[in-house]
Each structure stands twice: as C-alpha cells, then as structure tokens.
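Novice: fold the following, please.
(one chain, ligands or ions: 3)
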Amino acid sequence: TCGICVEKCPFDAIEIINLPQELEEDATHRYGENSFALYGLPIPEKGKVTGLLGPNGIGKSTAVKVLSGEITPNLGDFEDPPSWDEVIDQFRGTELQDYLQGVRDGDIEVARKPQYVDQIPEQFGGETRQLLESADERGVVDEIAERLSITPVLDQDIDSLSGGELQRVALAATLVQDADFYFVDELTPYLDIGQRVAAARLVRELAEEQNRAVLVVEHDLAVLDLLADSIHVAYGRPSAYGVVTDPKSTKKGINEYLRGYLDNENMRIRPEAIEFEQHAPRPVSEADTLVDYPDMSKSYGEGEFSLDVEGGSINRNEVLGVVGPNGIGKSTFAKLLAGGLEPDEGDVDLGLDIAYKPQYVEADQPMRVDAFLSSITDEFGTSYWNTEIAQPLQLERIMEQNLPDLSGGERQRVAIAATLSKDADLYLLDEPSAHLDVEQRVLATRAIRRYAENHEATVMVIDHDIYMIDLLADRLMVFDGEPAEYGHASPPQEMRSGMNEFLANLDVTFRRDENLGRPRINKPGSQKDEQQKREGEYYYTQ
Ligand code: ADP
Ligand code: ADP
Ligand code: MG
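Specialist: Numbering: from 1, shown residues only. Ligands and ions are numbered 1, 2, ... in the order given. Predicted coordinates for the structure are as follows:
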C-alpha cells in the first residue's frame, strides 16, 4: 500500500492506506468532524535547517500554524479542546516541550515566507525597498539584496516585479526579520539553478551563523538536500490526514522517499523506486534526425535582448533537456521553433507539427477539465489514456472542475496532459515542474518519459529541476550569456559534456549518493568539488 495519493492509485496497483492503527489516538490537531487531521509535528531546532518533505495538502501549513501559535493544537478533540498546559503535558519529555512552552508564553517570534508569492503585490503596494526596509529588524537589507541579486530592482514597484524577482524579495523580507523561528514555504519556484543555490546558502547561513531555527518546505530535491540538516517526511492522504515522521538525516530522508519506503515507520509510500542513472549518462541512440534547424537570431526592441542560436539537430524519439539561467532566451527559442515568433535571421519553417506547453499556462476558458481534454484527443477516457496520462498526472479528481478555478499545480498538470495528448512531431514542454509538489514531479517525470518511449515521441523539456532533467533527458541543450542582455544557445550535445558546460558556468559540482546514485551538490571548496573542477567533471563522475 501507498500513502501518497488520494482516491485512485496512479499505478492501479495498490490500495490506499488507512491511518496506521497505532497513531489513531495521537492526533496533534483535527479541524473538525470528518475534517483533516495532523499527526506528529516537525521539530524546530536552533542553528539548524529542518526540512519537511511531502505533497501539498498533507498538513504542512497546519503544522506551521501550530508551531507559530496561530492555532492551539486540540490533540484531535475539536469539541472539547485541551488547554495549552494539557497540550504541553502531551509533549513532555520530547524535544518539542521547550519549544511549545515558548509558543504558549508568546516568546517565539516567527517570520514566514508564503508559498504563493504571486499574491504579494495584492497585499503590498509601493517600492520594493520600502517593503524590505519596513521588515528589516536586523539591518541587513543591502547585504541580503546583494546576495540574492535583487539590488537592481529595489527601486521598482512591487507590482512590476517578475515571478523570480518576487520570490527573492519575499525571501529577503523574511530573512531580514529578527525572529526565533523562520518558516520558508518553498524557496525555488521561478528561480534558476544559480539563484536556487544562492538562496539555499543564504538560508543555511542564517541558521548556522545567527543560531536560528529554520523550517523549509521544498519540492526540488537537489536544493532540499543542500538546504536541510534533517528531514521529516510527511505522508498520508492529502486533505484527509497527514503524518509527520520523526526527523531523519537529510540523506536518509530523501533516499527513503525516492525508494518509496520509510524504514523506521515500516511504511511503503510508492510502489516503485525512483532510480537515477548511476554510472554514465544515457547512451545517445543513433536515431535518425527529426529536424535540422538553422542558425537563428532574434532581438526584442532596440538592444533590449538578443538571442543567437547555433544551428543543430533534434533526434527522432529523444528527450532533449534544455538548461540555462532565467532571462537567457530559452522560452524565446521555444517560440521560434513553435512558430509563434519570427526570427530576425534564419528560416524556421521546419514543417513540423509542434505541441507546445508554454511556461505560463493560461486556462481561462469557462470549460470543465474533462470537456477540455476530450476536445483535444479522441483517446480521452480510453483505458490506455487513463493509465498513461490521467492517472500519473492525478487528473481524476479534478475532471469536473472548471479551468479558471484550478490552482497553479492543477493547471500545470492539465496543460501537460493536453500537450502530450496531441498528435505532434515534437512536444515542447516549458517548465513542467513549476507549481508541482514533489510527488507530482516524480509522477509527471515518469509520465513524460514513458510517453516518449511508448509513442516514439520527440520531447523537448526546459526545466530548472536538475533531478527532473537527469531522469528525463537523453541529450542536453545549454544556454549561456548575460541574462536580460544576450543569450547564446549551443547545439544539443550528450549529457556529460552538456552538464559540464552548464555547471561550469555556475561553478557548481555534483557528487553521487553511494546508495541510489542520486546527484548531490558538493560543498564549494570541498575536496570533491576541487578535484572534479580540476578534472572538468561537474556531474558524471564515473
Ligand atoms: P499543506 O500545507 O501541506 O498543503 P494544509 O495544512 O494547508 O496542507 O492543509 C491540510 C488540509 O487541511 C487541507 O485539506 C485543508 O483543506 C485542510 N484545512 C486547512 N485549514 C483548515 C481549516 N481551518 N478547517 C478545515 N480544514 C482545513
Ligand atoms: P528564459 O526563458 O530563458 O527565462 P526568455 O526567452 O523568456 O528567457 O526571455 C529572454 C529575455 O527577453 C528576457 O530579458 C525577457 O525579459 C526578454 N523578453 C522576452 N519576451 C520579450 C518581448 N516580447 N519583448 C521584449 N523583451 C522580451
Ligand atoms: Mg522561460
């Protein structure tokens, strides 16, 4: 059995687990009769970053509301809730006792970065600098702005910022506060890998050097690995109940999660393990060429941004990964291929049918999800389509909703499904991981990979989640340049040389976890880091 999914199992293989019996009496909080219940709590620890790994709807925000004193936990008794003292009694002798006493006495100051930064401009108007300075209890705005590379936007109005800028401003506004407990609900949405690593290092320093307790929720596993000292896995049935495990070492927590089995809890959370290619990148198939595209260039306005694309070829039946910093022209390239944009030089009449999922997915037609998807493919509703598309993308429980009512993650899954359901020569997915939680990423990655294999489809995937790229791609296309000024696109190359070129630009090396072969970011200046840089092997070390 498996604890992650709601309703129908995406693999059609396992039954839904019920709450482990030994837990039944031990709820931390229950909202009401037949409402969501949370079991266990993460433990904030001074000087440490604690990670919380699990799907959305599993009670992460509920846990944080308890830890910040916003709700007094009722220990499951919503009709006759216990007093704070009774609650603390329940946690007596555990590591949470002192912390909860602090919460009860109002001694714990909390700073929080919200999950959905897009909503910030609705709450704050005016200049970015004013927002940050009004939060700046530690007197570190300028330093933190510099570290997060947002100094150039400090004089702009909040509502003019891009998603990636807003994300870093929200993080800065949290970290400049003088709090005991910091909660960061997702660090990486809209950020490129360089920005993700910089943000993660800043959070680590706050915990280590200022001796603060930090709790993070993060769905990019490479970044979570870099960030957290320890991890609680959260499992259960989203919106029904969630169980927060005892802390595990970060390495063990992520490995158990990927394997799909929690050792101490004796709990299977997924029927199959997620495995990385350990030894060498996928061999490039000697497949025929789907298309040769020529050298192209495109600039916007007068000297605003220019992109140079070196001509290359895309192989039939490959998954081509595309990587590079934000603002470097990746989406522009996708639009050039898809025909939505004309190049200044170069002829891109490729004669291909392209199915394109743009980076920003709009879904404003007043139409139900099932009606929308069945208008795209005749295969809608067949058992084949259900198994390959609907189940892994967890569409069943949103089929009857209207497109405009969908959340970001739901809209993303519908858009991936719609794109893959089309009949096309080339499928182009711009940032499919955006807004997906960790479980949905794992399932979407498998769905895309399986679809490519079973349909002999050719797929191009632009993404910043290095695990997703590693699991998906046969070859890699690397963009470099100066974001917002100029970009350069190299032709597709094999994974090893592509990763080396990409990561050398970022000055980041990866090692492999000895058990799962999962990539892990090296500490800068560590022996491995220096040796790999000397050898020019940034990613594949075997
Ligand atoms: P996560 O942060 O992991 O996404 P949440 O803690 O926000 O999860 O929510 C877990 C579940 O609890 C959701 O199904 C949500 O609808 C439910 N929930 C949250 N707040 C309340 C509330 N005040 N009353 C009833 N149910 C709630
Ligand atoms: P990426 O996908 O790599 O993040 P994009 O291709 O979206 O990059 O954008 C590259 C640069 O071009 C950015 O600086 C962006 O602001 C700019 N840009 C994108 N579209 C337009 C447009 N229609 N007009 C002017 N500038 C644009
Ligand atoms: Mg883009």
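Novice: apart from its chain neighbours, what residue comes closest to residue 380?
Specialist: Nearest residue to residue 380, sequence neighbours excluded (CB to CB, 6 or more residues apart in numbering): residue 374, at 3.9 Å. No exception for glycine: its C-beta is placed from N, CA and C like everyone else's.
Novice: run through the residues that contact residue 111.
Specialist: Shown in contact with residue 111 (CB atoms under 8 Å, 6 or more residues apart in numbering): 174-175, 177, 179, 181-183.
Novice: which members of these are the farthest-apart pair?
Specialist: Spatial extent of these (CB to CB) is set by the pair 175 and 181 at 12.8 Å.
Novice: how many other residues sit next to the residue nearest to residue 380?
Specialist: Residues near residue 374, counting by other CB atoms under 10 Å, number 16.
Novice: from what I see, it and residue 390 are in contact.
Specialist: No. Between residue 374 and residue 390 there is no contact, the gap being 11.3 Å when judged by CB atoms under 8 Å.
Novice: hang on, the earlier thing: restrict the contacts of residue 111 to those near ligand 3?
Specialist: Among the contacts of residue 111, no residue is within reach of ligand 3 (CB under 5 Å from the ion).
Novice: distance check, the residue nearest to residue 380 against residue 416.
Specialist: As judged by CB to CB, to the nearest Å, residue 374 and residue 416 stand 16 Å apart.
Novice: what's the answer for residue 127, then?
Specialist: 37 Å.
Novice: and the two? Which one has more around it.
Specialist: Comparing residue 127 with residue 416 by other CB under 10 Å, the one with more neighbours is residue 416, at 25 against 16.
Novice: so how far is residue 501 from residue 344?
Specialist: Using CB to CB, residue 344 is found at 26 Å from residue 501.
Novice: show me which of those two is the more surrounded one.
Specialist: Higher neighbour count among residue 344 and residue 501: residue 501, with 17 against 10, using other CB under 10 Å.
Novice: in terms of helices and strands, where is the more buried one?
Specialist: Using DSSP states H and E, residue 501 sits in helix 495-506.
Novice: for residue 480, name its beta-bridge partners.
Specialist: residue 488 (DSSP bridges).
Novice: okay, now it: neighbour count?
Specialist: As a burial measure, residue 480 scores 20 neighbours (other CB under 10 Å).
Novice: what's it in contact with, if anything?
Specialist: Shown in contact with residue 480 (CB under 8 Å, 6+ apart): 324-325, 328, 487-488, 490, 501-502, 505.
Novice: out of those, which comes closest to residue 145?
Specialist: The closest of the contacts of residue 480 to residue 145 turns out to be residue 325 (CB to CB; 18.6 Å).
Novice: just say helix, strand or coil for the closest one.
Specialist: coil (DSSP: H, G, I helix; E, B strand; the rest coil).
Novice: what does the model give it for pLDDT?
Specialist: Per-residue pLDDT puts residue 325 at 95.
Novice: any idea how far ligand 2 is from the spatially closest residue to it that is not a sequence neighbour?
Specialist: Take residue 325 and drop its neighbours on the chain: the residue closest to it by CB to CB, 6+ apart is residue 192, 4.5 Å away. Relative to ligand 2, residue 192 is positioned 8 Å away (CB to the nearest ligand atom, to the nearest Å).
Novice: over to residue 379?
Specialist: According to CB to the nearest ligand atom, residue 379 stands 31 Å off from ligand 2.
Novice: so residue 235 sits in a helix?
Specialist: No. Using three-state DSSP, the assignment for residue 235 is strand, not a helix.
Novice: in contact with it: list those residues for me.
Specialist: Contacts for residue 235 were tallied using CB under 8 Å, 6+ apart; they are 3-4, 54, 58, 242-243, 245, 262, 267, 269.
Novice: could the residues you listed be laid out in CSV, adding secondary structure?
Specialist: Output for the contacts of residue 235, formatted as CSV (three-state DSSP):
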residue, secondary structure
3, coil
4, coil
54, coil
58, coil
242, strand
243, strand
245, coil
262, strand
267, strand
269, coil
